[in-house]
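>>> Could you look at this predicted model? Sequence included:
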Amino acid sequence: MAEVLLEARSVAKHFGGVKALRDVSLSIRRGEIYGLIGPNGAGKTTFFNCMTGLYIPDGGGFDFDGAPLKADAPHQAAERGIARTFQNIRLFANMTALENVMVGRHVRTGAGVLGAMLQTAGTRAEEAAIRQRAEDLLHYVRIEDRADDLAKNLSYGDQRRLEIARALATEPKLLCLDEPAAGMNATETEELRDLIDGIRRDGTTILLIEHDVKLVMGLCDRVAVLDYGALVIEDVPAVVQKDQRVIEAYLGA
Amino acid sequence: MSKWLNPRSAFGIVLIAVALIALPFVAAMGGQAWVRIVNFAILYIFLALGLNIVVGFAGLLDLGYIAFYAVGAYTYALLASPHFGVHWPFWAILPIGAAIACVFGVLLGSPTLKLRGDYLAIVTLGFGEIVRIFMNNLNAPINITNGPQGITLIDPVAIGDFRFSGTTQILGISLSGPQKYYFLLVALAILVIIINLRLQNSRIGRAWQAIREDEIAAKAVGINTRNLKLLAFAMGASFGGIAGGIFSAMQGFVSPESFSLIESIMILAMVVLGGMGHIPGVILGAVLLSILPEVLRYGVGPLQMALFGKMLIDPESLRMLIFGLALVLVMRFKPAGLWPSPERKRELGEKPAGGA
């Protein structure tokens, strides 16, 4: 269980003079829920974006599942087994919920133009499998009754769930959730918590960025705290909670 | 399959088939010119569906689409005319034309991958013009395209001894050249429609839609946006290339004049006016926009005479005036196009309810 799935090696990223990440090193183990917290602007999302290939780090790099991750290749990150959701939900708004999840299957399927044109038996079987899997996933996140609604017409909480379903469709080894509880009420947060816990129990490692400290401390096996782009501490919640530097970072020195 | 066996849709298909077979004979009653107009309408369906892959599916605004049509047309013209003394059969040239257009599509696509919306439109517009200007000037130092004079005496489509130009008798029915081309065009158009429909509901089609909706999210779920955008350009361009080849054969003559910017804009207008991304809508748009100007050409003059007893406005300018007005009105009252996809209609229909 203690095997490392993702290792960040001195990841640095700056935007002009702003050092968004200063040599952040951390490691996520297989099967755990790993929390990444920090005040606004601490560099959490930047870290995510570097890892998923949307940004190119200025220094350092990532090892994932035993091999280095290529920078600047977001689609390859997904292929390797990293899936993510976005802080400000990014669904395919004018596609149905089911289609959104079906798009998530893209990276694990292979039908090309010729297959589609000729409607070969293989293509049809794959298409049916994609649909079936997407339906299962909608059921898994409990929004199966919204399958044929356009993504943008879903409620906020359902959109969050749909985004998770879409990410799961890529069969990730590591699922990265960027503030999934943002804007949710207490009941919705509780349901989300159960969902995340369930995903982990089904075998997916989870990296969770979250502002809701209570949720993070209750759910995560280990927590890392970022402040001004630097790693403050990486440890189990009980230790992190009592750390003086963390308290300062959150309450202001 | 059960959908096809449904008696109502089977009846519909039979009805459409009968109408399609009867159309060239009905049009011929108004003269062969009308058959040609119908042929061009089908050619435009072809082009609009090709552009729909780029604009409607993948969401890449392409204002230089006519360049691929030009590439296809010139490929056919050069390989089947006395200009170089080469006379290859059409079934060999059309795929070559499609392939060359496809290469041009990738050529245009690769430097513009990072561009979106207006910026992409400007580059593609420039590309369209470059191709046309090249065609216009490639007569010196080596005469390749014969410059503004264009290429004449292009071979018609022929299968063995059966030529698509001139009148022939088949089973006692006299078929004129345009009428024969009509059936060829319908067959090809049906093929293109089927390919479009199948692409739309495929893994590739969904990936294109995803790129159109949100490129970053598409990347995050593992879609190789670069390759898929190039694929969209290449596919769209190939359709344009094939349409160009048929245009060449049908007309027997090509010159750079046929590939001006206004043509690109017309095809884009067909896609947008009909209903972007919705195949039946795009077909409707192509038919309307190619037939309407012709109807106005023949109708406006007599109408003025009947109403006012004299010609008040030059029919040619009035034609474009009415045409422009029609476009403005459609965009004002049907912003999603005349026949948008059900999803898009739903989305626009729900807006007032959501706002209230």
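Arrived safely, thanks for sending.
>>> Point me to the residue sitting farthest from the middle of chain A.
Relative to the centre of chain A, the most outlying C-alpha is that of A:Leu118, 36.3 Å out, by Cα atoms, centre = their mean.
>>> how close does it sit to A:Arg105?
20 Å (Cβ to Cβ, to the nearest Å). In short, each C-beta sits where N, CA and C put it, glycine included.
>>> which residues does B:Pro24 contact?
By Cβ atoms under 8 Å, 6 or more residues apart in numbering or on different chains, the contact set of B:Pro24 is B:35, B:38, B:178-179, B:182-183.
>>> re earlier: could you tell me the model confidence score at the residue farthest from the centre of chain A?
According to the prediction, A:Leu118 has pLDDT 85.
>>> hmm, back to that, selection in ChimeraX covering whichever of the contacts of B:Pro24 are buried, please.
Buried members of the contacts of B:Pro24, defined by 16 or more other Cβ atoms under 10 Å in any protein chain shown, are picked up in ChimeraX with:
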select /B:35,38,178,179,182
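>>> nearest to B:Leu284, of the contacts of B:Pro24?
B:Val38 (14.9 Å; Cβ to Cβ).
>>> How much space separates the residue farthest from the centre of chain A from B:Ile195?
In terms of Cβ to Cβ, A:Leu118 sits 10 Å off from B:Ile195.
>>> Now tabulate the contacts of B:Pro24 in a markdown table and tack on pLDDT.
Putting those into a markdown table (pLDDT from 0 to 100) gives the following:
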| residue | pLDDT |
| --- | --- |
| B:Val35 | 88 |
| B:Val38 | 90 |
| B:Pro178 | 84 |
| B:Gln179 | 85 |
| B:Tyr182 | 90 |
| B:Phe183 | 89 |
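>>> what are the ranges of the strands in the stretch 101-250 of chain B?
Counting by DSSP state E, counting those that start in this stretch, the stretch 101-250 of chain B has strands at residues B:158-159, B:162-163, B:168-170, B:173-175.
>>> Quick check: can you name the pairing partners of the last one and their directions?
Right, the one you point to is strand B:173-175. Sheet pairing of strand B:173-175 (DSSP bridges) gives strand B:168-170 (antiparallel).
>>> What are the neighbouring residues in contact with the residue of the stretch 151-300 of chain B found nearest chain A?
Going by Cβ to the nearest Cβ, chain A is nearest to B:Gly222 of the stretch 151-300 of chain B, at 3.0 Å. If you count contacts by Cβ under 8 Å, 6+ apart, B:Gly222 has them with A:74-79, A:106-107, A:170.
>>> from those residues, which is closest to A:Arg133?
Nearest to A:Arg133 among the contacts of B:Gly222, with distances taken as Cβ to Cβ, is A:Thr170, at 10.9 Å.
>>> per-residue pLDDT, that closest one?
For A:Thr170, the model assigns a pLDDT of 94.
>>> Quick check: the gap between it and B:Lys180.
According to Cβ to Cβ, A:Thr170 stands 51 Å off from B:Lys180.
>>> hey, where'd the strands end up in chain A?
Secondary structure of chain A, counting by DSSP state E: strands at A:4-15, A:18-29, A:33-37, A:59-64, A:67-68, A:82-84, A:174-178, A:205-209, A:222-227, A:230-235.
>>> average model confidence for the shortest one?
Mean per-residue pLDDT for strand A:67-68: 90.
>>> which residues touch it?
Contacts of strand A:67-68 (Cβ under 8 Å, 6+ apart): A:61-62, A:80.
>>> Point out the other elements, helices or strands, that whichever strand or helix holds B:Arg332 touches.
Assigned by DSSP states H and E, B:Arg332 belongs to helix B:315-333. Applying 3 or more Cβ pairs under 8 Å, 6 or more residues apart in numbering or on different chains; DSSP states H and E, one finds that helix B:315-333 contacts helix B:261-275, helix B:279-308.
>>> buried residues in that helix?
B:315, B:318-319, B:326, B:330.
>>> Now do the helices in chain B.
Under the criterion DSSP state H, chain B contains helices at B:2-5, B:7-29, B:32-52, B:66-79, B:90-109, B:117-137, B:177-200, B:203-213, B:215-220, B:225-251, B:261-275, B:279-308, B:315-333, B:342-355.
>>> Pick the most buried one from these.
Mean neighbours per residue, mean count of other Cβ atoms under 10 Å in any protein chain shown, is largest over the helices of chain B for helix B:66-79, with a mean of 29.
>>> so how far is it off the chain centroid?
Taking Cα atoms, centre = their mean, to the nearest Å, the mean C-alpha location of helix B:66-79 is offset from the chain mean by 14 Å.
>>> pLDDT of that helix, averaged?
Rounded mean pLDDT across helix B:66-79 is 93.
>>> same deal with stretch B:249-262?
Here the average pLDDT along stretch B:249-262 is 89.
>>> Now do it: distance from first to last residue.
Using Cα to Cα, to the nearest Å, the end-to-end distance of stretch B:249-262 comes to 22 Å.
>>> Generate a ChimeraX selection restricted to the buried subset of the contacts of B:Gly222.
Buried residues among the contacts of B:Gly222 (16+ other Cβ under 10 Å), as a ChimeraX selection:
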select /A:74,75,76,77,78,106,107,170
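>>> just checking: which of the contacts of B:Gly222 also lie near chain B?
Restricting these to those touching chain B (Cβ under 8 Å from any Cβ of the partner chain) yields A:74-79, A:106-107, A:170.
>>> Show me the chain divided up by domain.
Looking at chain A here, since you left the chain open. The record's domain split for chain A, according to automatic domain parsing, is A:1-81+A:172-253, A:94-165.
>>> Wait, chain B was what I had in mind.
Chain B breaks down by automatic domain parsing into domains covering B:1-30, B:33-276.
>>> of the contacts of strand A:67-68, closest to chain B?
Nearest to chain B among those, counting by Cβ to the nearest Cβ, is A:Arg80 at 9.2 Å.
>>> And the pLDDT at that closest one?
92.
>>> for B:Ala356, same thing?
30.
>>> Distance of the residue nearest the centre of chain A relative to A:Ile196?
Computing the C-alpha centroid of chain A and ranking residues by Cα atoms, centre = their mean puts A:Cys176 first, at 1.7 Å. Note on A:Cys176: its distance to A:Ile196, by Cβ to Cβ, is 12 Å.
>>> what residues do the two have in common as contacts?
Common neighbours of A:Cys176 and A:Ile196 (Cβ under 8 Å, 6+ apart) are A:206, A:208.
>>> looking at it, B:Leu284 is touching B:Gly274, isn't it?
Yes. Proximity of B:Leu284 to B:Gly274 meets the contact threshold set by Cβ atoms under 8 Å, at 4.8 Å.
>>> shared neighbours of those two, anything?
With contacts taken as Cβ under 8 Å, 6+ apart, B:Leu284 and B:Gly274 have B:338-339 as neighbours in common.
>>> Spell out which residues of the stretch 101-250 of chain A are next to chain B.
Contact residues, the stretch 101-250 of chain A versus chain B (Cβ under 8 Å from any Cβ): A:102-107, A:109, A:111-113, A:115-117, A:119, A:123, A:126-127, A:130, A:150, A:152-153, A:166-167, A:169-170.
>>> Any of the residues you listed buried? List them.
Here, 16+ other Cβ under 10 Å leaves A:102-107, A:111, A:113, A:115-117, A:123, A:126-127, A:130, A:150, A:153, A:166-167, A:169-170 buried among those.
>>> On the strand side of things, show who B:His87 bridges to.
Beta-bridge partners, per DSSP bridges, of B:His87: B:Ala80.
>>> Distance of the residue most central in space within chain B relative to chain A?
The centroid of chain B falls nearest to B:Leu47 when counting by Cα atoms, centre = their mean (1.7 Å). Between B:Leu47 and chain A the distance is 19 Å, computed by Cβ to the nearest Cβ, to the nearest Å.
>>> Run through the residues that contact that residue.
Counting by Cβ under 8 Å, 6+ apart, B:Leu47 has contacts B:65, B:69, B:239-240, B:243, B:267, B:270, B:286.
>>> measure it to B:Ala243 for me?
In this view, B:Leu47 and B:Ala243 are 5 Å apart by Cβ to Cβ.
>>> where do the contact lists of those two overlap?
The contact sets of B:Leu47 and B:Ala243 overlap at B:Tyr69 (Cβ under 8 Å, 6+ apart).
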